[in-house]
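**Student:** 3D model of this:
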Amino acid sequence: MKKLIYIFSILFTFNFIAQNKNKTVYNLKEITGIITLEDSPLSGVNILIKNSNRGTNTSRKGFYKIKARAGEIIQFSHLNMKPIEMLVEDVTTILNLEMIPAENILNEIIITSKLDNKKGIGIKTPRKFSSARMNIDTRRAGFAAAFIKGDDLNKSASSIAQALRGKVSNYKLITDLNGLEYVRLRETSFIGTVSYALWDVDGTLYTQVPNIDLNDVKDIAVIKGLAGTVKYGSQAVGGVIVVTTKSNYFASATAKNIKSKDNKYTNKNYYNNDAVAINDLKIGEPNYYKLFEAAGTPSAAYEKYKNIYPECKAKSNFHFNTANYFINTFKSKEYGLKILLDLETYANNNPEVLKAIAYKYQELKLHKEAVGIYKKLMVIRPKHAQSFRDLANAFTHANEYKNAWKIYLYYLRKGFEIKENGIGEIFNTEMQAIYVQRKQKDNIKEKLAFKNNDSLIKNDIRLVFEWNTSEAEFIFEFVNPNKQSFKVNHTLSENSQQILDEKLMGYNSKEFLIEEVGNGDWLINLTYLGNKKYIPTFLKATTYYNWGKSNQREEIKVYELTLKNVKAKLLSLNAGMLYN
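**Tutor:** Numbers count the residues shown, from 1 in each chain. As a prediction, this is how the structure comes out:
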């Protein structure tokens, strides 16, 4: 993440948000759901409100109900199942969960006899670890280190970084869109910086995950503390992963072009051509479409809509279905807008529904209407980072750059931090863009210093994905022109800490940058896994072409996600689209 130094020289007042300053005390509310295992109801699941005496169990049909407050954590546990913790939010009323069997993997242990002086049972740790650059006496070293034998690695993994997953505590693997992998071992104390682990393979240093034959790995030491990495200097502030090989030989072929399909050291995962175009996914049409079709005209169909409104308004997605019909079939944005306004009234401050309406307004280029919705969301959720970002972004789309800038500054002035997470990256990118591009035009007087101000914000394509409910789970798949596939999991089973961070900070978004598109097509696919409720998830995809350049433009698409476990093709991108 780009280093951000925030300097204020003037004070200003921004009176839009003057509400909800006191800590909110939430009342108990009932939360219900069904717990399943492999799509079958699971009985006997223990459900407990953390740090309380409120608890229950699931019935034979997997059903439960429990009372909790927003901000509390519900714990779900069952014998031989991975425990689950869910943070209750202001909108939480239904939580349907799929439990996952626990993987009982035993570490290698030593069982000694009574005659052995080393009595007892313990995890086997080497007495000494030697590499080309260091020798570690594990009993006398003044720092903590994890040791993994090469024979204990998952040999079917696509890289050594993948093979280490589950072997090291607080281990985070990051893959960029070109397939380059980086490992984060610990959080750093420097605001605005991300420090990845340094790799030492037989004395040769690498800042990215090295390409190495897993069968050739002898031993690995993972060193997180600064005391253990001092020999490597400042480049090892993120820790060091030391690898010794059996052959003491590291192939020079890793210097090949990472984009070359023939390079045997690159990502081995290739796209299987198994995605279905999202517009081809059909789930059937609601019966009221026949009424609108028979009406023949937008005005006559609108009368039909008003007639059935009292009985249909509570049906899942009635408003959005109807608005889409008028907009797409009748080509009537006017009547579609009327229906969305009805939904605004019916939503009654439900932030997830309001956010979906705002997405639709932005897709229709009704940016002033979107600003109005995001102002409401600021009042409803004044502590959510996403509320600030969304309003600032809406002002930007409406060409109100000064107001956008004030929102960003207000966020910082209130003491919120720009952290090393999804929303922090978005804040940083978008603040920098306004600062660099609009500083002179809009007379921005505040001083912000970024590293390499101009060059860092320029990319061929910037993608921003936003979703209206925090419980949504999905898998993104990015396919480069060489058909290599890179996946980003947003699931409770794979990234529970990430989802918890999103809930605590209040954000549901992620950005991806493609610095150079190159020749051929990039594909972006999505496998939707549900949202623990009985209603759809709305996903907004904003594609910025020529991000940070004079010919920058954007395109917004909104997707209604209903079908689960189907890989859908969201976008296809290529260099020709940069010049349209």
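**Student:** switch to C-alpha atoms for all contacts and neighbour counts from now on
**Tutor:** Fine.
**Student:** ok, which stretches of the stretch 101-250 of the chain are helices?
**Tutor:** With DSSP state H, counting those that start in this stretch applied, the stretch 101-250 of the chain shows helices at 160-163, 226-229, listed in chain order.
**Student:** lowest-confidence stretch among these?
**Tutor:** Ranked on mean pLDDT, the bottom entry among those is helix 226-229, at a mean of 65.
**Student:** Go through the host helix or strand of Y435 and flag the buried ones.
**Tutor:** Following DSSP states H and E, one finds Y435 within helix 422-438. Neighbour-count burial for helix 422-438 flags 422-436 (criterion: 16 or more other Cα atoms under 10 Å).
**Student:** can you give me the strands in the stretch 1-150 of the chain?
**Tutor:** Under the criterion DSSP state E, counting those that start in this stretch, the stretch 1-150 of the chain carries strands at the ranges 4-7, 29-37, 40-41, 46-49, 55-57, 63-68, 73-77, 84-87, 97-98, 109-111, 121-123, 128-130, 135-137, 145-149.
**Student:** just for this structure, where's the confidence low?
**Tutor:** Residues of the chain meeting the criterion pLDDT under 70: 1-25, 103-128, 132, 137-144, 187-194, 225-231, 234, 248-268, 449-456.
**Student:** May I have stretch 474-482 as CSV, with CA atoms only?
**Tutor:** Output of stretch 474-482 as CSV, limited to C-alpha atoms (Å, rounded to 0.1, in the frame of the first residue of the first chain):
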residue,chain,number,x,y,z
PHE,A,474,-18.0,-15.9,-3.5
ILE,A,475,-14.9,-16.8,-5.4
PHE,A,476,-13.4,-14.5,-8.0
GLU,A,477,-11.4,-16.0,-10.8
PHE,A,478,-9.1,-13.9,-12.9
VAL,A,479,-7.9,-15.5,-16.2
ASN,A,480,-5.0,-13.8,-18.0
PRO,A,481,-4.4,-13.9,-21.8
ASN,A,482,-2.4,-17.0,-21.3
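**Student:** Figure out how far it is from the centre of its chain.
**Tutor:** Offset of stretch 474-482 from its chain centre (Cα atoms, centre = their mean, to the nearest Å): 15 Å.
**Student:** ok, residues contacting it?
**Tutor:** Residues lying outside stretch 474-482 but in contact with it, judged by Cα atoms under 8 Å, 6 or more residues apart in numbering, are 177-178, 259-261, 270-271, 485-491, 518-530.
**Student:** In strands, which of those fall?
**Tutor:** Among the contacts of stretch 474-482, DSSP state E puts 485-490, 522-528 in strands.
**Student:** Mind giving me the ChimeraX command for buried ones among the residues you listed?
**Tutor:** Of the ones in strands among the contacts of stretch 474-482, the buried ones can be selected in ChimeraX as follows, counting by 16+ other Cα under 10 Å:
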select :485,486,487,488,490,522,523,524,525,526,527,528
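**Student:** wait, isn't T537 in contact with W467?
**Tutor:** Yes: under the criterion of Cα atoms under 8 Å, T537 lies in contact with W467, with a separation of 7.0 Å.
**Student:** Assumed E369 was part of a helix.
**Tutor:** Yes: per DSSP: H, G, I helix; E, B strand; the rest coil, E369 lies within a helix segment.
**Student:** Wait, it touches Y361, no?
**Tutor:** Yes: the pair E369 and Y361 passes the contact test of Cα under 8 Å, sitting 6.5 Å apart.
**Student:** For these two, indicate the residue with more neighbours.
**Tutor:** Neighbour count, other Cα atoms under 10 Å: between E369 and Y361, Y361 has more, with 20 against 17.
**Student:** Leaving out the residues flanking it, which one is nearest to L513?
**Tutor:** Setting aside the residues directly before and after it, L513 is nearest to R462 in space (Cα to Cα, 6 or more residues apart in numbering), at 4.6 Å.
**Student:** Just confirm the one you found is within a strand.
**Tutor:** Yes: under the criterion used here (three-state DSSP), R462 sits inside a strand.
**Student:** What are the neighbouring residues in contact with it?
**Tutor:** E511, F512, L513, I514, T543, Y544, Y545, N546, W547.
**Student:** Would you check which pair of those lies furthest apart?
**Tutor:** Taking every pair in the contacts of R462 and measuring Cα to Cα, the maximum separation is 14.8 Å, between E511 and N546.
**Student:** more crowded one of those two?
**Tutor:** Set side by side, E511 and N546 give different neighbour counts by other Cα under 10 Å, the larger being at N546 (23 against 17).
**Student:** element containing the more buried one?
**Tutor:** Counting by DSSP H and E, the element that carries N546 is strand 537-547.
**Student:** CA atoms only for that strand, dumped as PDB, please.
**Tutor:** The C-alpha atoms that make up strand 537-547 are tabulated as PDB, following Å, rounded to 0.1, in the frame of the first residue of the first chain:
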ATOM      1  CA  THR A 537     -27.000 -10.300  -3.200                       C
ATOM      2  CA  PHE A 538     -26.300  -7.300  -5.400                       C
ATOM      3  CA  LEU A 539     -22.800  -6.900  -6.800                       C
ATOM      4  CA  LYS A 540     -21.600  -3.700  -8.400                       C
ATOM      5  CA  ALA A 541     -18.600  -3.900 -10.700                       C
ATOM      6  CA  THR A 542     -17.000  -0.700 -11.700                       C
ATOM      7  CA  THR A 543     -14.400  -1.000 -14.500                       C
ATOM      8  CA  TYR A 544     -12.100   2.000 -14.900                       C
ATOM      9  CA  TYR A 545     -10.300   2.100 -18.200                       C
ATOM     10  CA  ASN A 546      -7.000   4.000 -18.400                       C
ATOM     11  CA  TRP A 547      -7.100   4.600 -14.700                       C
END
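**Student:** Other residues contacting stretch 321-338?
**Tutor:** Stretch 321-338 is contacted from outside by Y289, T297, P298, Y302, I339, L340, using Cα under 8 Å, 6+ apart.
**Student:** of all the ones in strands among the contacts of stretch 474-482, which comes closest to R413?
**Tutor:** R413 lies nearest to H490 out of the ones in strands among the contacts of stretch 474-482, by Cα to Cα, at 30.9 Å.
**Student:** residues touching that closest one, list them.
**Tutor:** Shown in contact with H490 (Cα under 8 Å, 6+ apart): E473, F474, I475, F476, I499.
**Student:** give me the element the third one is part of.
**Tutor:** In this structure, I475 is located in strand 474-479 according to DSSP H and E.
**Student:** got the angle for that strand vs strand 522-528?
**Tutor:** Inter-element angle recorded for strand 474-479 and strand 522-528: 160 degrees (by axes from the mean of the first three to the mean of the last three Cα atoms, to 10 degrees).
**Student:** Tell me what the residue nearest to L513 is bridged to.
**Tutor:** Per DSSP bridges, residues listed as beta-bridge partners of R462: L513, Y544.
**Student:** need the strands for the stretch 151-300 of the chain, in chain order.
**Tutor:** Using DSSP E, counting those that start in this stretch, the strands found in the stretch 151-300 of the chain span residues 172-175, 181-184, 198-201, 204-206, 217-223, 240-245, 276-277.
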